[in-house]
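Participant: can't give you the sequence, but here's the structure:
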C-alpha cells in the first residue's frame, strides 16, 4: 500500500478510536468547571491534563471534540445508508423497467437535481427544530440522486447480459433477478458513490451546526461556531476542531478517490 | 434550440414546485413568530393568525404576477420585496467577485498543473488548491478575520474596498479548487488526443499547444461545472455573510427561517431558487456555445 492510502486510513482510525473510547481516558468528560475557563492547551487541573485546553464553560475541549465526532460519524453512516437504500431502489426500478417509466423517473431526478438543496434543508431544519432524525433524513435525501443515476446506468447495461437472460428463461421472478443477480454486480459503483458522499455529509452537517441549526447535540460545526465567539481570548477553540474536521474530510477524500480509481475498470493510469 | 426551450420550461416547472412545496411546508410547520415572545391572550393570538392567514391561490397570484410577498411578519413596517432588493446586490457582488477570483486563480493553477503533470509543480499546485476542499469556509473565515482582518485593522462589514477582500477570498476558495481540478483533468484528457500529437509533430511550442489547442476543449467541463459551483458559492455566502457581517441575503434567510418569519423566508428561498435556475440556464447556454459537438445532439 502507498502512503497516500495508509496515512489517511490511519488518521481516520485514530479519529474513530478517539470518539469511541474518549470518555474512558479523558478528564471530566464534558463537565463544566467555571473556575477553569479558557485554559490554554496542555494545562493541568484537578481533574487531569487538558490536552487542548478548555472552552468558555471550562469543559475539556478534546472530550467535546470526541463527543462531536460521534455525531459526525453517526450522521455520516445513517445518512449515507438512507442515500444508498433510496438511490439503489429508485435506480434499479428505473433501469430495470425502462421505457416510459424510466424516462419519467429520470426526468424527476433531473428536476430534483436543479433544486437549491442546501436551502431547502436549512428551511426544513429551522422549521422542524432540533431533531436528529430530520437531520439524518434531510442529509441522506440530498445525496441519493447521484446514486440513483449510477445504479440505473449499471442496471440498464446488465439487463441484457447473458446471465440475466438465462435466469429469466429459467422462470425466475423479476424482483428476485434484480435482487440476487443484478444488484450484487452494482455494489462496486454503489460503494464508490457512498464513499464520495460521506465527506460531503459530514461537511454539510458541520455547516448546518455552524449556522445554528444543530440537532441539540454537540458537533464539530457547533464547536467551531462557539469558538469563533471567543476567538480573541482562545484561538485554539476554533483551530483544534477546525483542524480535526479538515483532517477527517481530507482523509475521507483521499480514500474515496483511491477507492474510485481502484474500482474503475477503465482507469489504468494513476491520476 | 428545442433543447434550450425545454430546459426553460423545466426550470419554470421546478420553480413552481419549489414555491408550492415550501408554501405548504411553512404552513404545516409548528410554531409562529409570535409564540416566542410574551404570552398573548388566546383572542389576540387568533386575531393575529386570521390577519396573517395564507391561502395558496391568492398567494401564488400575488407572487407570480406582482412579485409581492407582503410585509415581513417580524418587521411589519417593511415589505419583503424592499428587504430583498436591499440585500440582493450585496450578495450578488460578493458572489460575482468570488467567482471571478476563483476563475482567475483556478485556471492558471490548472494550466500549470497540467503542464507539469506528474512532476513536483503538479503536486505543489494541486496540494495548495486542495486546501479549498478540505478546509471548510466556516473554519478558515473566522481564523483569517482574527489573524489578518483585526491585525491590520479592517473592520467586518461591507464598506470600502478593503472590507471586501477577506469575504471574497474565503468565498472563492472551494470554487477555485474545483476549477483547477476539473481543468487539469480535462487538459490531461485532451492532451492525449491525436490532434495534439499532430501539433507537437508540427513543432509548435508547448505553450501554444496548451493555450490554443487544448484549453478551449478542456474548458467545456469547467463551464458545465459552473452552475453547481455557483450553487455552492451561494450556499457558502450564508456562512461568509454571518462571519464577516455582510448585510446580504444569507443573514435574512437563516434568521427568517429560525424566527418563522414566513413571508421573508419564502421570499428569500424563491429568490435563491430563481438565481440558481438562471445560472443553470446560463451554464447550459455557455456549454452550447463553447462546444460544437454538443450542438448536434437533440
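Facilitator: Arrived safely. Predicted model, so just to flag it, every value in this text is computed and none were measured.
Participant: quick one: residue A:167 from chain B, how far?
Facilitator: According to CB to the nearest CB, to the nearest Å, residue A:167 stands 36 Å off from chain B. Just so you know, the C-beta spots here come from the backbone N, C-alpha and C atoms, and that holds for glycine as well.
Participant: so residue B:16 is in which element?
Facilitator: helix B:2-28 (DSSP states H and E).
Participant: that helix near chain A at all?
Facilitator: Yes. Against chain A, helix B:2-28 shows contacts by CB under 8 Å from any CB of the partner chain at B:10-11, B:13-14, B:17-18, B:22, B:25-26.
Participant: hmm, which of those are the buried ones?
Facilitator: B:10-11, B:14, B:18, B:22, B:25-26 (16 or more other CB atoms under 10 Å in any protein chain shown).
Participant: elements contacting the one helix or strand residue A:197 maps to?
Facilitator: Assessed by DSSP H and E, residue A:197 sits inside helix A:183-210. With contacts taken as 3 or more CB pairs under 8 Å, 6 or more residues apart in numbering or on different chains; DSSP states H and E, helix A:183-210 sits against helix A:61-97, helix A:117-128, helix A:132-159, helix A:220-229, helix A:236-263, helix B:137-144, helix B:215-244.
Participant: do that again at 10 Å, thanks
Facilitator: Counting contacts by 3 or more CB pairs under 10 Å, 6 or more residues apart in numbering or on different chains; DSSP states H and E, helix A:183-210 is packed against helix A:61-97, helix A:117-128, helix A:132-159, helix A:220-229, helix A:236-263, helix B:120-134, helix B:137-144, helix B:215-244.
Participant: run the angle between it and helix A:61-97 for me.
Facilitator: Going by axes from the mean of the first three to the mean of the last three CA atoms, to 10 degrees, helix A:183-210 is angled at 140 degrees with respect to helix A:61-97.
Participant: now helix A:183-210: mean pLDDT?
Facilitator: Throughout helix A:183-210, pLDDT has a mean value of 87.
Participant: ok, the closest residue in space to residue A:252 that isn't next to it in sequence - how many residues close by?
Facilitator: The shortest distance from residue A:252 to any non-neighbouring residue, by CB to CB, 6 or more residues apart in numbering or on different chains, is to residue A:199 (4.0 Å). By other CB atoms under 10 Å in any protein chain shown, 21 other residues sit near residue A:199.
Participant: residue A:199 touches residue A:79, doesn't it?
Facilitator: No. At 11.8 Å, residue A:199 does not count as touching residue A:79 under the criterion of CB atoms under 10 Å.
Participant: contacting residues for residue 226?
Facilitator: Just going to use chain A. By CB atoms under 10 Å, 6 or more residues apart in numbering or on different chains, the contact list for residue A:226 reads A:55-57, A:64, A:209-210, A:218, A:237-238, A:241.
Participant: if you could check chain B rather than the one you did, that'd help
Facilitator: B:99, B:102-103, B:175, B:178-179, B:182, B:233, B:279-280, B:282-283, B:286-287 are the contacts of residue B:226 under CB under 10 Å, 6+ apart.
Participant: ok, it to residue B:135 distance?
Facilitator: Look at residue B:226 and residue B:135: by CB to CB, to the nearest Å, they are 22 Å apart.
Participant: before we move on, what about residue B:186?
Facilitator: Taking CB to CB, one finds residue B:186 at 25 Å from residue B:135.
Participant: swap in residue A:57?
Facilitator: For residue A:57, the distance to residue B:135 - CB to CB - is 27 Å.
Participant: next, the angle from the longest helix seen in chain B to helix B:120-134.
Facilitator: Counting residues, the longest helix found in chain B (DSSP state H) is helix B:80-115. Orientation of helix B:80-115 against helix B:120-134 (the same axes, to 10 degrees) gives an angle of 160 degrees.
Participant: mind listing what's buried in helix B:80-115?
Facilitator: B:80-81, B:83-84, B:87, B:90-91, B:94-95, B:97-99, B:101-103, B:105-107, B:109-115.
Participant: elements contacting that helix?
Facilitator: helix B:120-134, helix B:162-191, helix B:206-208, helix B:215-244, helix B:249-258, helix B:262-290.
Participant: tell me which other helices or strands the shortest one touches.
Facilitator: With contacts defined as 3+ CB pairs under 10 Å, 6+ apart, the secondary structure elements packing on helix B:206-208 are helix B:80-115, helix B:194-201.
Participant: circling back: of the helices and strands packed on helix A:183-210, which shows the lowest average pLDDT?
Facilitator: helix A:117-128 (a mean of 78).
Participant: got a list of what the closest residue to chain A within the stretch 101-250 of chain B touches?
Facilitator: Nearest to chain A in the stretch 101-250 of chain B, going by CB to the nearest CB, is residue B:139, at a distance of 3.5 Å. With contact set as CB under 10 Å, 6+ apart, residue B:139 has these partners: A:206, A:210, A:220-221, A:224, A:227-228, A:238-239, A:241-246, B:170, B:239.
Participant: give the closest residue to residue B:136 in space, chain neighbours not counted.
Facilitator: Closest to residue B:136 by CB to CB, 6+ apart is residue A:203, at 5.9 Å.
Participant: surely that neighbour touches residue A:224?
Facilitator: No. Contact criterion CB under 10 Å: residue A:203 and residue A:224 do not qualify, at 11.9 Å.
Participant: ok, the two, which is more surrounded?
Facilitator: Ranked by neighbour count (other CB under 10 Å), residue A:203 and residue A:224 place residue A:224 first, with 27 against 23.
Participant: look up how far chain B lies from that one.
Facilitator: 6 Å.
Participant: measure that residue to residue A:212 for me?
Facilitator: 12 Å.
Participant: same question, residue A:156
Facilitator: From residue A:156 to residue A:212 the distance is 43 Å (CB to CB).
Participant: please apply the same query to residue A:227.
Facilitator: Residue A:227 is 14 Å from residue A:212, by CB to CB.
Participant: for residue A:84, same thing?
Facilitator: Residue A:84 is 29 Å from residue A:212, by CB to CB.
Participant: more neighbours, those two?
Facilitator: When neighbours are counted by other CB under 10 Å, residue A:84 comes out ahead of the other of residue A:84 and residue A:212, with 20 against 15.
Participant: which one is that one nearest to, not counting chain neighbours?
Facilitator: Using CB to CB, 6+ apart, the closest residue to residue A:84 is residue A:194 (5.4 Å).
Participant: count the residues that sit near that neighbour.
Facilitator: 21.
Participant: and for residue 20, the neighbour number?
Facilitator: Picked chain A for this. 13.
Participant: not quite, go with chain B.
Facilitator: 13.
Participant: excluding chain neighbours, what is closest to it?
Facilitator: residue B:56 (7.0 Å).
Participant: so what's the one you found up against?
Facilitator: B:19-20, B:23-24, B:27.
Participant: same check on residue A:148?
Facilitator: Applying CB under 10 Å, 6+ apart, the residues contacting residue A:148 are A:83, A:86-95, A:105-106, A:108-109, A:112, A:193.
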